[in-house]
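>>> What follows is a predicted protein model with its sequence.
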Amino acid sequence: MIWKRIFGRSDRDEVPFGLYRGLVAQARMPAFYLHAGVPDTVEGRFEMVSLHAFLVLRRLKAAGEPAKEVAQRLFDIMFDDMDQTLREMGVSDLAVGKKIKGMAQAFYGRMAAYDAGLDAQDETTLQDALRRNVFAGLDPTASDVAALAGYVRNCAVVLGREPNEDILAGRLSFADAPASFSESNNA
């Protein structure tokens, strides 16, 4: 696996690798874990990477046919990274495949839920999807859920404004995360 990462990379991978690095950097922003109630756990980080990957993949889908290969490579890179991370965490080779399959199924479910949430005319659909996934098993404040939903909507708008040429060159912008999620609804 590691040899594939070092020697198997081609020029066509530079854009999706750049997009992946960007979305992971955004997903790791401390504000999510310090102020938004997102758990700073393996699961919480998976949720935030998945959420940002969804936003980028949704934007790539809007870019049409030229973005299909980039989107597929981004997905592949994400799950190659998940595979490598599980191995580094000590998950056995025999169990990694099963875990990755479960993570991929979970990711597809989240994509459908977040798509429905962004397409809905109400705030409840997206907030419920975030509560079920990002905040699973927790009791988040209503303001944290609403702030994260607002952040997701803002990101979709910001990414939607990016020209296709920029996205397909690996350049993307996300909305700024609120400095304090609990205070973002009072502003």
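Received it, and whenever you're ready, just let me know what you need. Residues are numbered from 1 along each chain as shown.

>>> Every contact and neighbour count from this point should use C-alpha atoms.
Noted.

>>> longest helix of this structure?
Scanning the chain for the helix with the most residues, using DSSP state H, yields helix 93-119.

>>> Would you mind getting the angle between the next helix-or-strand element following that one and helix 93-119?
Remark: after helix 93-119, the chain's next helix or strand is helix 124-133, criterion DSSP states H and E. If you take axes from the mean of the first three to the mean of the last three C-alpha atoms, to 10 degrees, helix 124-133 sits at 160 degrees to helix 93-119.

>>> And the contacts of helix 124-133?
47, 110, 113-114, 116-118, 120, 140, 145-146, 148-149 (C-alpha atoms under 8 Å, 6 or more residues apart in numbering).

>>> contacting residues around Arg110?
Ser50, Leu51, Ala129, Asn133.

>>> Rebuild the residues you listed as a markdown table, extending it with pLDDT and distance to Met103.
Shown next, in a markdown table, are the contacts of Arg110 (pLDDT from 0 to 100; distance: C-alpha to C-alpha, whole Å):
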| residue | pLDDT | distance to Met103 |
| --- | --- | --- |
| Ser50 | 97 | 10 |
| Leu51 | 98 | 13 |
| Ala129 | 98 | 17 |
| Asn133 | 96 | 12 |
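
>>> related to what we said a few turns ago, pLDDT added to the contacts of helix 124-133, as TSV?
Compiled in TSV, the contacts of helix 124-133 are given as follows (pLDDT from 0 to 100):
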residue	pLDDT
Glu47	96
Arg110	97
Ala113	97
Tyr114	98
Ala116	97
Gly117	97
Leu118	97
Ala120	95
Pro140	93
Val145	94
Ala146	93
Leu148	94
Ala149	95
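
>>> Much appreciated, bye for now.
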